[in-house]
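**Student:** turn this into a model:
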Amino acid sequence: PKGNMAFTGKYEFEADENYDEFVTKIGLPSDKIEKGRNCKIVTEVVQNGNDFTWTQHFPGGRTTTNTFSVGVEAEMETMGGRKFKAAVKIEDGKLVADFPNYRHTAEICGGKLVEISTSSGVVYKRTSKKIA
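**Tutor:** Residues are numbered from 1 along each chain as shown. A predicted model of the protein is given here:
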């Protein structure tokens with residue numbers, strides 16, 4: 001892996017773009033859409049070489065954790081809580097995962113965690129600042 005692959009850290013939600021359009025497109029129910037809007041999610045990443053533990057802490061105590069190794073199929077959970085299997089790849093220093101109805105990329109850009117999800121041409125971008 002390239003040197004810019006240092007994902008380990010704790011990141012707090014800072015801003016997003018196209019949230020409503022995206023979550024409507026992937027079919028999240030409106031109560032989940034309401035809850036998730038401007039949600040101060042804290043994302044905690046532990047990276048050990050090609051092995052990752054990716055945890056999202058939601059306000060109110062709910063947590064989702066995806067554990068995976070680059071290039072190896074693993075069971076993961078979508079934004080909507082659906083379980084599926086996918087292999088995460090590395091492309092140009094970004095982690096790339098194909099979820100059932102969207103493609104998700106994550107990269108560290110200027111010390112921030114930048115995540116981009118794309119579904120049928122709708123691009124949702126979430127930026128989180130490093131807090132630990």
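**Student:** any weak-confidence spans in this structure?
**Tutor:** Applying pLDDT under 70 to the chain picks out residues 1-5, 79.
**Student:** which stretches in it count as strands?
**Tutor:** 9-17, 42-48, 51-57, 63-69, 73-77, 83-87, 89-91, 94-98, 103-109, 112-119, 122-130 (DSSP state E).
**Student:** for the spatially closest residue to residue 11 that is not a sequence neighbour, list each beta-bridge partner.
**Tutor:** Excluding the flanking residues, the one nearest residue 11 by Cβ to Cβ, 6 or more residues apart in numbering is residue 128, at 3.6 Å. The C-beta positions use only the backbone N, C-alpha and C, and glycine is treated the same way. Counting by DSSP bridges, residue 128 is bridged to residue 13, residue 113.
**Student:** ok, now how distant is residue 128 from residue 110?
**Tutor:** Distance, residue 128 to residue 110, by Cβ to Cβ, to the nearest Å: 12 Å.
**Student:** and those two? Which one has more around it.
**Tutor:** A count of neighbours by other Cβ atoms under 10 Å puts residue 128 above the other of residue 128 and residue 110, at 23 against 8.
**Student:** wait, the more buried one sits on residue 12?
**Tutor:** Yes. Between residue 128 and residue 12 there is a contact under Cβ atoms under 8 Å: 5.8 Å.
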